[in-house]
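K.L.:
Got a predicted structure plus its sequence, pasted below:
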Amino acid sequence: MTVGVIFAGGSGTRMNTRALPKQFLEVNGRPIIVHTLQHFEDHPEVEAVAVAILPAWREHFLKLVSRYELTKVKWIVDGGGTGQQSRHRALQAVAEDRPGDTVVLVHDGVRPLIDEDLITKNIRGVEEHGSAITCSKVNETIVTSDHGDVGSIIPRGNLFAARAPQSFRLGEILSAYDAAVASGEDDTIDSCSVMKDFGSAPLHRVDGPVSNIKITTAEDFYICRTYFELIENQQIAGF
Ligand SMILES: C[C@](O)(CO)[C@H](O)COP(=O)(O)O
């Protein structure tokens, strides 16, 4: 049994789109969140989807679910003050209905370029290795810098960007989120960090396409739009 857990609770501060949170902006004729959910809707192994949404946007989201016939959306929870709280609430909602060995794919609503192959790789990763953390190779030099000067230069031979989905067994990731809260932590950056610091499942890497970007800034939005155009015109295959 596989369930998608989608975080769509961001308010768009970093993109300055508070009037319309970025997950609702349209690209290629549909809201970003709809593109994302459609991939889960279409995947034959995904049984249901939970979405954490900004409470003020619940009605708007419900209309999208109905208009685009997103039949797998089973739980809609109010997003919390942080991404961690939102993901935690969505996992709790799923756990009320589904057993602990359910495979959960925790994904960002603003990563619409996920594809069928990546969802399948995540499911197999959890079944075979206990988790699946979608990563992409870092192709630039990463440095630290606190006050204008470059500090350390991090060797990049084994550097990857951890992206999403990040996938686990429901019981294991929920226990890790519970432990994070019990320890006073409520703003971890992602599920992979929660599992690393508060859980015990191994973290297994699966490689995702470079195109699986997160729309965080206005630049990301335009890059995403270009990817959609290239896909539409079939100028890109397997990038
Ligand atoms: C989960 C994530 O996409 C992994 O790269 C990332 O941590 C999400 O960050 P955000 O601050 O919630 O956009």
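P.N.:
Cool, got the structure.
K.L.:
alpha carbons only for contacts and neighbour counts from here, please
P.N.:
Fine.
K.L.:
And stretch 87-100, what's buried?
P.N.:
For stretch 87-100, the neighbour count (16 or more other C-alpha atoms under 10 Å) marks 87-95, 98, 100 as buried.
K.L.:
Just the closest of the residues you listed to the ligand, please.
P.N.:
When the buried residues of stretch 87-100 are compared for distance to the ligand (C-alpha to the nearest ligand atom), Arg87 wins out at 9.9 Å.
K.L.:
For this structure, what lies in contact range of the ligand?
P.N.:
Counting by C-alpha under 6 Å from any ligand atom, the residues of the chain lying close to the ligand are 83, 162-164, 189-190.
K.L.:
In helices, which of the residues you listed appear?
P.N.:
Residues of the residues of the chain next to the ligand located in helices (DSSP state H): Gly83.
K.L.:
I figured Val210 hits Ser136, correct?
P.N.:
Yes. Val210 lies in contact with Ser136 (C-alpha atoms under 8 Å); the separation is 6.4 Å.
K.L.:
Next step: the buried residues of stretch 87-100 restricted to helices.
P.N.:
The helices, defined by DSSP H, take in 87-95 from the buried residues of stretch 87-100.
K.L.:
need the longest strand for this protein.
P.N.:
The longest strand of the chain (DSSP state E) is strand 160-169.
K.L.:
From the contact counts, what lies against that one?
P.N.:
Other elements packing on strand 160-169 under the criterion 3 or more C-alpha pairs under 8 Å, 6 or more residues apart in numbering; DSSP states H and E are strand 103-108, helix 116-129, strand 132-137.
K.L.:
Which of these has the highest mean neighbour count?
P.N.:
Using mean count of other C-alpha atoms under 10 Å, the stretch among these with the largest mean neighbour count is strand 103-108, at a mean of 28.
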